[in-house]
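Student: Predicted coordinates and the sequence they were generated for:
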Amino acid sequence: MTRNNPPRSSGRQGRPGRTSGAKPGQVAHPRWSSRPSRPEATDREGNTARSLPPVPGEQRPAERPAERPAAAKGDRRGAQGGGKGAQGAQGAKGAQGSRAAQGEGQKKADRQGRRPGAVRTPKVLRPAKPVLRQPSGDPLVGERYEVEVGPVAHGGHCVARHEGRVLFVRHALPGERVIAQVTDGTTTSRFLRADAVEVLEGAKERIEAPCPFSGPGKCGGCDWQHVTPGGQRKLKGAVLTEQLAKLAGLTPEEARWDGSVEPVGGKLPAGEVPAWRTRMQYAVAEDGSIGLRKHRSHEVQPIDRCLIAADGVTELGIESRDWTGVAAVEAIAASGSSDRQVILRPRPGEQLPLVELDRETSIARIDEQDLFHRVHGRAFVRERAADRTWRVSNGGFWQIHPAAPDTLVDAVLTGLDPQWGESALDLYCGVGLFAGALADRVGEEGAVLGIESGKQAVLDARHNLAALENVRIECDKVETLLPRTGITSTDLIVLDPPRAGAGRDTVAHLCSLEARRIAYVACDPAALARDLAFFREGGYRPVSLRAFDLFPMTHHFECVAILEPAAEQQ
Ligand SMILES: C[S@@+](CC[C@H](N)C(=O)[O-])C[C@H]1O[C@@H](n2cnc3c(N)ncnc32)[C@H](O)[C@@H]1O
């Protein structure tokens, strides 16, 4: 079979003459190759030159069936993210669909004047368009109410009430008495948003915010600069407890969670802020000063330093430059290598300025058609984690906290306890982090199938895991490709979906595969809790749940839930 062919629908993909050892329909144990036939330049959204339609009259060399491009439409990182159509041969119907999609893509490309080989860029660097909504009722913005602050809620704010109306209050802590100033809402709003602008009675976890740009009306990046590190983790734990109860009907005990949110990255001296953010997205004000967006706003809070930015980012000196003519700047400092990448979006009609930074860095540009261009240096950074070097191209997905990949891989492997010869799925696999770790454990008698919708991430994953013949990476949406594989059982599953989670249909499908264990890596506790309820419907229960503080100073955190068939737990 051709190297990059997807699994055959029988699920038996062993090399001719070789016994795979897989049950019928199980992820088989062939010598899958992760090697792409030919590496191609693509952007972080995954469009390759070949996946874009040819310009009229252009002749392209004939493509091997396994390399037939999927669809012309680009993937989107995160919840939006999937390409259209599986890569590779899906039979005549699939090929026709693919060609039809290309035709559509061609029309769209013609409309947009897109060049062949040009690649799309993610939403993240696109200037946001203001949404114009006409609110009903009289505006209450600026009104001040004295309130007693109630529990923390999902999203980084606390809940309070004033004359029966719910307020979501930022910069507050449970149990405090504060003056809350309304930032959003009218007399008819279901709830109001507010900032605690004055603290009348503070909680014991309250501290002076170390960052001068944090606070009411300022930078929207950190939610909890005013809270001790231990207090932040308690808040995150309270949010997880509440989401589990509300959306999964589970107590911490039932979820097999000890109630802690584990600190990551070692203890710092009191008052010091962890510099963990290896990827920063800066916004640029009209006057060229750089900063970060205010909370729920397109306004820029100018900054001269971000305390949570990793040293490798801070050292670039981005904040001390004039960025006139630029709309957005993204900076990446890899962990375990000295690679740095800065991705710039010039304002419409403006040329890329001469970029002089304090450290050597690769530069890329995003043009008005959202196309990604390498300006100089590499189009990728090399990250080091889980005993491997990982190529991550064009600002594609990689965990932001430098300790996150190792922490999550360790939690997944500890929870799944992969055995030699087992088969595994790595869903939403990005550049292959968990697939690589699983492949080492299941060995050459085992097999790992990774599924990822971002085409560039797939190329990176295939490159990163090229030495592992027991890994295969496929490019498509999980929900589209998985049912088409014909795989009816597997031993292990890792899923690491975007914030929106996996959803009912995907979870139902996963439950039908009769995996011995499932590891669910989740960055949103609400999506996790909802999906745990779906897993329960499918007969799976958590046997362990861990939460990690991988986003200090913000309300975000990461969870790893390990699930087993409920029957096994009796
Ligand atoms: C949270 S990241 C996890 C990546 C990887 N597991 C890691 O730790 O580096 C989620 C990944 O899912 C991809 N993705 C988003 N929606 C998808 C979908 N419907 N099907 C497959 N992949 C998807 C994104 O492109 C992204 O790479």
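Tutor: Received it, and whenever you're ready, just let me know what you need.
Student: Can you give the domain ranges for the protein?
Tutor: The chain breaks down by automatic domain parsing into domains covering 144-216, 241-265+383-569, 279-382.
Student: I'd say residue 437 and residue 411 touch.
Tutor: No: the pair residue 437 and residue 411 fails to qualify as a contact (Cβ atoms under 8 Å) at a distance of 10.9 Å. Glycine gets a C-beta too; all of them are placed from N, C-alpha and C.
Student: Neighbour count: the two, which is higher?
Tutor: residue 437 (26 against 21; other Cβ atoms under 10 Å).
Student: Can you tell me the SS state at that one?
Tutor: Assigned with DSSP: H, G, I helix; E, B strand; the rest coil, residue 437 falls in the helix class.
Student: what's around residue 445, how many residues?
Tutor: Residue 445 has 14 nearby residues by other Cβ under 10 Å.
Student: ok, now residue 400?
Tutor: 18.
Student: before we move on, what about residue 203?
Tutor: Neighbour number of residue 203 under other Cβ under 10 Å is 17.
Student: Over to residue 167?
Tutor: 24.
Student: hang on, isn't it packed against residue 145?
Tutor: Yes: using Cβ under 8 Å, residue 167 is in contact with residue 145, at 7.2 Å.
Student: Common neighbours of these two, please.
Tutor: Applying Cβ atoms under 8 Å, 6 or more residues apart in numbering, one finds that residue 167 and residue 145 are jointly contacted by 180, 182, 194.
Student: average model confidence for stretch 228-242?
Tutor: For stretch 228-242, the mean pLDDT works out to 97.
Student: swap in stretch 422-433?
Tutor: pLDDT averaged over stretch 422-433 gives 98.
Student: and what of stretch 295-313?
Tutor: Per-residue scores along stretch 295-313 average to 96.
Student: Need the distance between the two termini of it.
Tutor: 22 Å (Cα to Cα, to the nearest Å).
Student: Next, count neighbours for residue 176.
Tutor: Neighbours of residue 176 (other Cβ under 10 Å): 22.
Student: try the one 5 residues further on
Tutor: For residue 181, the neighbour count with other Cβ under 10 Å is 19.
Student: Can you name the residues bridging to it?
Tutor: Listed beta-bridge partners, residue 181: residue 144, residue 195 (assigned using DSSP bridges).
Student: Likewise for residue 548?
Tutor: Under the criterion used (DSSP bridges), residue 548 bridges to residue 262, residue 558.
Student: So it sits against residue 560, correct?
Tutor: Yes: if you go by Cβ under 8 Å, residue 548 and residue 560 touch, sitting 7.5 Å apart.
Student: Overlap in contacts, these two.
Tutor: 408, 411.
Student: Is residue 535 in a helix, a strand, or coil?
Tutor: helix.
Student: what residues are up against it?
Tutor: So residue 535 contacts 507, 510, 511, 518, 520, 541, 563 (Cβ under 8 Å, 6+ apart).
Student: What about the fifth one? Give its phi and psi, please.
Tutor: Backbone geometry at residue 520, expressed as degrees, to the nearest 10, gives phi -110, psi 110.
Student: Nearest residue to it in space, please, no chain neighbours.
Tutor: Leaving aside its sequence neighbours, residue 520 sits nearest to residue 561 (Cβ to Cβ, 6 or more residues apart in numbering; 4.4 Å).
Student: Can you report how many residues neighbour that neighbour?
Tutor: Neighbour tally, residue 561, other Cβ under 10 Å: 30.
Student: How about this protein: which residue is closest to the ligand?
Tutor: residue 430 (2.7 Å; Cβ to the nearest ligand atom).
Student: Shouldn't that residue be within a strand?
Tutor: No: under three-state DSSP, residue 430 sits outside any strand and is assigned coil.
Student: Surely it is in contact with residue 461?
Tutor: Yes: look at residue 430 against residue 461 with Cβ under 8 Å: they come within range, at 7.0 Å.
Student: Dihedrals phi and psi, residue 187?
Tutor: phi -60, psi -20.
Student: Leaving out chain neighbours, which residue sits closest to it?
Tutor: Per Cβ to Cβ, 6+ apart, closest to residue 187 is residue 137, 4.0 Å.
Student: do you know how far the one you found is from residue 167?
Tutor: To residue 167, residue 137 is 15 Å away according to Cβ to Cβ, to the nearest Å.
Student: Residue 505 now?
Tutor: 37 Å.
Student: The stretch 251-400 of the chain against the ligand: which residues are in contact?
Tutor: Contact residues (Cβ under 6 Å from any ligand atom) of the stretch 251-400 of the chain with the ligand: 397, 398, 399.
Student: how many neighbours does residue 287 have?
Tutor: With other Cβ under 10 Å as criterion, residue 287 counts 10.
Student: possible to save the shared contacts of residue 167 and residue 145 as CSV with pLDDT?
Tutor: Output for the shared contacts of residue 167 and residue 145, formatted as CSV (pLDDT from 0 to 100):
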residue, pLDDT
180, 98
182, 98
194, 98
